[in-house]
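Novice: coords please:
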Amino acid sequence: MKRSLRIHALRGAAVFLLAVFASSLPAAAVLGGDESSVEADSAHMKASVQVTQSNGYDIHQMRTPEGTTVNEYVSPGGRVFAVTWSGPFVPDMSQILGTYFQQYSNALQAQKKRYGRAPLNLQQPGLVVQMGGHMRAYYGRAFVPELVPQGVKSDEIK
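Specialist: Next up is the predicted model:
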């Protein structure tokens, strides 16, 4: 019984620390939002933006002065269907997930056997969030399968 309480306390502390550090970081893309959020996000993050086209969608890559790279995948219809990140900081999950944050939060709380530093792999109906890494080297991706353009494979989102 002591071990399970200790694990629960450590998990709670990790979630708290992640929330504290993430809330101090600049905003990022809103999953499911429209393309206009890209400009607002880059201005807020003071990030340089580079747009590339790939397989029927655009990738808006933003690099913050702190070194974190955030990619927003925008469908031909102008919606952000995926967000990826890599760098020294995890972006503010409530900001990048937008209306999907509550689903993510509930799924995270429901996980009973997530120990230590194992990568996160949430695959919920309507939302996939995968992340991992260690201090100063984080990576992850979040996407809504229903918003991914036809013909785009999930392994292209990286």
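Novice: Give me the distance between the two termini of stretch 142-154.
Specialist: 10 Å (CA to CA, to the nearest Å).
Novice: Which positions in that stretch come out as buried?
Specialist: 142-144, 147-148, 152 (16 or more other CB atoms under 10 Å). The way it works is simple: take the backbone N, C-alpha and C, and place the C-beta from them, glycine included.
Novice: Repeat that for stretch 71-91.
Specialist: 71-75, 79-87, 89-91.
Novice: in this structure, which spans are strands?
Specialist: 48-54, 57-63, 69-74, 80-87, 120-124, 127-134, 137-143 (DSSP state E).
Novice: Residue 156: which of those is closest?
Specialist: strand 48-54 (7.3 Å; CB to CB).
Novice: Would you mind pulling up the elements that that closest one packs against?
Specialist: helix 36-45, strand 57-63 (3 or more CB pairs under 8 Å, 6 or more residues apart in numbering; DSSP states H and E).
Novice: Show me the contact partners of it.
Specialist: Contacting residues not belonging to strand 48-54 are listed as 38, 42, 58-63, 156 [CB atoms under 8 Å, 6 or more residues apart in numbering].
Novice: what's the spacing between residue 33 and residue 120?
Specialist: 22 Å (CB to CB, to the nearest Å).
Novice: Then residue 102?
Specialist: Residue 102 is 17 Å from residue 120, by CB to CB.
Novice: Who has more neighbours out of those two?
Specialist: The residue with more neighbours, out of residue 102 and residue 120, is residue 120; 14 against 11, by other CB atoms under 10 Å.
Novice: Go ahead and confirm residue 74 touches residue 56.
Specialist: No - here residue 74 does not reach residue 56: they are 10.7 Å apart, not a contact under CB atoms under 8 Å.
Novice: What count of nearby residues applies to the residue nearest to residue 62 when sequence neighbours are not counted?
Specialist: Using CB to CB, 6 or more residues apart in numbering and skipping residues adjacent in sequence, the residue nearest residue 62 is residue 47, 3.8 Å away. Other residues within reach of residue 47, judged by other CB under 10 Å, total 21.
Novice: related to what we said a few turns ago, for the helices and strands packed on strand 48-54, which one sits closest to residue 135?
Specialist: With respect to residue 135, and counting by CB to CB, the nearest of the helices and strands packed on strand 48-54 is strand 57-63 at 19.8 Å.
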